[in-house]
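> take this sequence and fold it.
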Amino acid sequence: MFEAHGTTAEDSATRPDVPGPARSDESGPARSTGGPAAEASADEAPAPARPGVLQGADRALLALLSFTERRPEWGVSEMARRHGWDKAVAQRVLTTLVSRSFLSCDPATRRYRLGPAVSRLARVGEHSGVLPSLVRPILAGLLRETGESVVLNVPQGAGYRCAAAVDGTGPVRYTAIIGAVIPGHAGASGHAIFAQYPEAELRLLFGAAPLQSFNDRTVTDIDTLLGIYGEVRERGYSVSHGEYDEAVTAVSAPVFQAGSVAASLTVIGPAHRVTREAGRLTALVLEGAAQATAAFGS
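Residues are numbered from 1 along each chain as shown. A predicted model of the protein is given here:
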């Protein structure tokens, strides 16, 4: 919507022929990753601590950062091998983290998983706007370059939520509502996020029944949606035309953190303007998404 305030939505499977970083369609339970750098962060041991860093604290943090969506459980020997520690050192580090509820240990398998203290910190980070604060300069830069509204959306269940936004500068513009949640199957922002999910998880999230239709451009069939997601993974971005709000066109690219999709970065505005400039906007959105991925860290 436009000044005429709206929500963070977008729209259809038409995409300009603009080169973007290809992403492979990975199998298995893990979501698609953000390219070589992200895969390295997920699979390789982090770099050694810099001078002046407290070794014990650094080891505990390295242990915590070893837990990912790909690898949610660790044993003592595995953790020791991962970081080149003596097994006794790994045991002490893990035991310390358990004592502060950052990890929990299954008494039957003796394997470790993230504990409730991590969830508490995640809630604090969510409520204090950690991720939006990291990308505000990127959103502002895209606004200067495009003149259109720029939105950071994050996944929320089977939808996506507006976490940060800046409004376009023109008299006719799209205005996003912070906190608004849009169904995940409708619009480029959702496509950029959910294209990174494995098919089995998508079918659970969206269900077997036809998806809600907002107009005749909304994709309501899960198999058609999965085909669109394959194209999005291959190209690395999505462009949509009126799938949720018929008056808007949006260009979106995924943002990754530690190898998994964390958000999407979207430029959205009046259909006649954004469609005309889609090629140029796509290149800018891809660059902004890469910057946001770097800002989110590994």
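> what element comes up after the helix or strand encompassing Val267 heading to the C-terminus?
Using DSSP states H and E, the element containing Val267 is strand 260-270. Reading on from strand 260-270 to the C-terminus, the next helix or strand found by DSSP H and E is helix 271-276.
> what packs against that following helix?
Helices and strands touching helix 271-276, as assessed by 3 or more Cβ pairs under 8 Å, 6 or more residues apart in numbering; DSSP states H and E, comprise strand 248-257. Placement of C-beta: from N, CA and C, glycine included.
> ok now the strand it packs on, how far from the chain's centre?
When C-alpha coordinates are averaged (Cα atoms, centre = their mean, to the nearest Å), strand 248-257 and its chain have centres 9 Å apart.
> pLDDT (mean, whole number) over that strand?
Across strand 248-257, pLDDT averages out at 96.
> okay, buried residues for it please.
Residues of strand 248-257 classed as buried: 248-257 (neighbour count, 16 or more other Cβ atoms under 10 Å).
> got the angle between the strand holding Val267 and strand 248-257?
Between the axes of strand 260-270 and strand 248-257, defined by axes from the mean of the first three to the mean of the last three Cα atoms, to 10 degrees, the angle is 160 degrees.
> now do strand 260-270: distance to the chain's middle.
Using Cα atoms, centre = their mean, the mean C-alpha position of strand 260-270 is found 9 Å from that of the whole chain.
> I'd like the numbering to begin with 3 instead of 1 from here.
Yes, from this point I'll number from 3; that puts the last item at strand 262-272.
> now do the buried residues in it.
Under 16+ other Cβ under 10 Å, the buried positions of strand 262-272 are 262-272.
> just give me the closest of those residues to Leu105.
Ranked by distance to Leu105 (Cβ to Cβ), those are led by Ser262 at 19.7 Å.
> isn't the closest one up against Thr70?
Yes. Counting by Cβ atoms under 8 Å, a contact exists between Ser262 and Thr70, whose distance comes to 7.2 Å.
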